[in-house]
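> Here is the input, now give the coordinates:
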Amino acid sequence: MSSFMQHPKQKYSYQDYLNWPNKERWELIDGVPFNMSPSPSRKHQQILGELATEFTSYLRGKPCEAFVAPFDVRLFVEEKTDDEIMNVVQPDISVICDPNKLDDKGCKGSPDLVIEILSPSTGKLDRWIKYKLYERAGVKEYWIVEPTNSTIEVFILNQTGHFELNSVYGQEDTVRVGIFADLLIDLKVIFKE
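The predicted model follows:
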């Protein structure tokens, strides 16, 4: 996308995003493009697969759905056209419980739960920029998965609209999913060697 280098201060919209080549994965945060290349590591993909299996199995027959990247999540879309939407992200896993937020392009609005699995190139983006974006967008629960240390940080949106660190879980722990009180995930399965 050499045009970004030619116009580094230009803001882009979802309409621009739709016209970019499919060879690379991009996200758009407040109109600023972020390249999601290169492809994730094998360990990243193993963790993603295990987490996706846990959520998909649990949600079978229930109104909520889990989606894995690449899956476009457009934030702050109320009453906006594609050329006015300035935030589109591709979380590793998105759980959406309102079917009205789903369309053929992905999700239009905030997921109930978002999971991001860190990679060396996305640490700052996931820990700070996306953290603040998801908080601002009202995502109820945000997980940051650290493959290197086999940990998951779980943040819950509080009554004042800010994330609070609920807990940090390690490979020996079981996570109780905040938005589903009866869903427990054994992290020995997720972080298998």
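
> Scan this structure for its longest helix.
Looking across the chain with DSSP state H, the single longest helix is helix 42-59.

> just checking, next helix/strand downstream of that one?
Heading C-terminal from helix 42-59, the first helix or strand you meet, by DSSP states H and E, is strand 65-68.

> who touches that next one?
The contact list for strand 65-68, computed with CB atoms under 8 Å, 6 or more residues apart in numbering, reads 48, 52, 55-56, 59, 92-96, 99, 102, 106-107. Where you see a C-beta, it was placed from the backbone N, CA and C, and this is true even at glycine.

> Need the max-distance pair from those residues.
48 and 99 (23.6 Å; CB to CB).

> Quick one, which of the contacts of strand 65-68 are buried?
The neighbour count (16 or more other CB atoms under 10 Å) marks 48, 52, 55, 59, 92-96, 106-107 as buried among the contacts of strand 65-68.

> and these as a markdown table, adding pLDDT and distance to residue 80?
Output for the buried ones among the contacts of strand 65-68, formatted as a markdown table (pLDDT from 0 to 100; distance: CB to CB, whole Å):
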| residue | pLDDT | distance to residue 80 |
| --- | --- | --- |
| 48 | 97 | 30 |
| 52 | 98 | 29 |
| 55 | 98 | 29 |
| 59 | 98 | 28 |
| 92 | 96 | 25 |
| 93 | 98 | 25 |
| 94 | 98 | 19 |
| 95 | 98 | 23 |
| 96 | 98 | 18 |
| 106 | 97 | 15 |
| 107 | 97 | 14 |
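
> Chain neighbours aside, what residue packs nearest to residue 59?
residue 66 (5.7 Å; CB to CB, 6 or more residues apart in numbering).

> Could you report the distance from the one you found to residue 185?
12 Å (CB to CB, to the nearest Å).

> Pull up the overlap in contacts between those two.
By CB under 8 Å, 6+ apart, no residue touches both residue 66 and residue 185.

> Now do the strands in the protein.
With DSSP state E applied, the chain shows strands at 26-29, 32-35, 65-68, 73-74, 88-89, 93-96, 102-103, 106-108, 113-117, 141-146, 151-157, 163-170, 174-176, 184-186, listed in chain order.

> Since that was my last question, I'll sign off now.
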